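Asker: No letters, just coordinates:
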């Protein structure tokens, strides 16, 4: 980026395990006067608050106009450091993405003075962070200030209630001339909150043009991705034993396997051992998923494939899945290793290992996470377009002395 001939304007390094050490080199290049980069996307790059010290300097000196840090564990401390850069009169940033960055009310407190200052910030995405009313109360102080020129605010999946909607509506009354788009989907505004904001949408003196309040309800007040939890159960499948509640599936380990369609008489057909013992067996879940966001977690043992498929035709499917073994995790699309495989990760902890799966069907996003002590660590994301309902599925490799017999257990939140 320091090369005069480069003239690079946009750089997207999202979904790569750069870590703090890797992005430090990028930030140092951005501090060069020769660098003319305007857009930098670093989604899910394993960045923490450590990188935010240098980033604050970058925001004060660089030509950056758009920055996306979504999916990194910045926390409130990281955002406070970023805000020191945003407050600089030399900062030119107008678009900031902080979706799913483990932010709480402390981040809102740090962002409020940025909004009421003469910041150039026009587009702010805080979606998928737990920012209940206490956080929104602090943020609204900045929003209602006439100096705030923010045009787009996304707070989808942020635990906002009727009280939060009242704070936002009040801010729009005090400062009606700038905010044009407000996304509050996947929250719990209740009917009274919806009415308060709808009134601002209909107010001819208010510039609000787009209000997203889809997929709302009390279940979205849960913390983290649990607000998108779906209750999956296993469907019946050859070669798999299911628990009574259909929450656990174990690959059957038998010398011989009898077909479920045999008559029980002397003409009983027996499938050869190789049909079960030496091949993959698969089990799918119900219900099928479409139209909104979903999240589930699964504990696994052995060697299993955790994924999702959608039907494309009569006998045609598109599959996205994660191959899990004691040695590695690898992402696949239609039996081909993804261009961004996750085999670089450290070996999983001893079985059982827990995997979290997040599906944003309208956005075409399917993400996998490693889950330990309730904390998610990003593994891999697929970007696609879903045109039909998708079905979660699990496959079990043939038993191996090293990995053992495969099993999966769907967690209940």
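Answerer: Done, it's in. This is a predicted model, so every value here is computed, not measured.
Asker: use CA for all of it now, contacts and neighbours both
Answerer: Noted.
Asker: Strands along the stretch 151-300 of the chain, start to end?
Answerer: Taking DSSP state E, counting those that start in this stretch as the test, the strands found in the stretch 151-300 of the chain are 152-154, 181-183, 210-212, 233-234, 240-242, 248-251, 257-258, 270-271, 281-286, 293-301.
Asker: What mean pLDDT does the fourth one get?
Answerer: To tie it back to what came earlier, the one meant is strand 233-234. Strand 233-234 carries an average pLDDT of 97.
Asker: what's residue 410 in contact with, if anything?
Answerer: 232, 233, 247, 248, 296, 297, 298, 299 (CA atoms under 8 Å, 6 or more residues apart in numbering).
Asker: can you pull up the bridge partners for it?
Answerer: In this entry, residue 410 is beta-bridged to residue 298, by DSSP bridges.
Asker: Check what pLDDT it gets.
Answerer: Reported pLDDT for residue 410: 98.
Asker: Likewise for residue 329?
Answerer: pLDDT, residue 329: 87.
Asker: and if you look at residue 100?
Answerer: Note for residue 100: predicted pLDDT of 97.
Asker: related to what we said a few turns ago, among the contacts of residue 410, who's most crowded?
Answerer: residue 297 (23 neighbours; other CA atoms under 10 Å).
Asker: Let me have the contacts of residue 410 in CSV, extended by distance to residue 148.
Answerer: Output for the contacts of residue 410, formatted as CSV (distance: CA to CA, whole Å):
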residue, distance to residue 148
232, 44
233, 48
247, 50
248, 52
296, 39
297, 40
298, 44
299, 46
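Asker: Not counting its neighbours along the chain, what's nearest residue 11?
Answerer: Nearest residue to residue 11, sequence neighbours excluded (CA to CA, 6 or more residues apart in numbering): residue 40, at 5.0 Å.
Asker: hang on, residue 234 packs against residue 288?
Answerer: No: using CA atoms under 8 Å, residue 234 is not in contact with residue 288, being 11.4 Å away.
Asker: And these two? Which one has more around it.
Answerer: Legend: neighbour count by other CA under 10 Å for residue 234 and residue 288, higher for residue 234 (23 against 15).
Asker: and the more buried one, what does it touch?
Answerer: 242, 246, 247, 248, 249, 283, 284, 285, 286.
Asker: By neighbour count, sort out the buried ones in these.
Answerer: 242, 246, 247, 248, 249, 283, 284, 285 (16 or more other CA atoms under 10 Å).
Asker: From residue 60, how far out is the third one?
Answerer: With the distance defined as CA to CA, to the nearest Å, residue 247 ends up 52 Å from residue 60.
Asker: Low-confidence stretches in this structure?
Answerer: 1-6, 254-278, 339-352, 400-403 (pLDDT under 70).
Asker: hmm, try it at 80
Answerer: By pLDDT under 80, the low-scoring segments of the chain are 1-6, 118, 253-279, 313-315, 327, 335-352, 398-404.
Asker: Per the annotation, how does it divide into domains?
Answerer: 1-97, 103-227, 229-261+268-410 (automatic domain parsing).
Asker: returning to what we had before: so what does the residue nearest to residue 11 have for phi and psi?
Answerer: phi -130, psi 120 (degrees, to the nearest 10).
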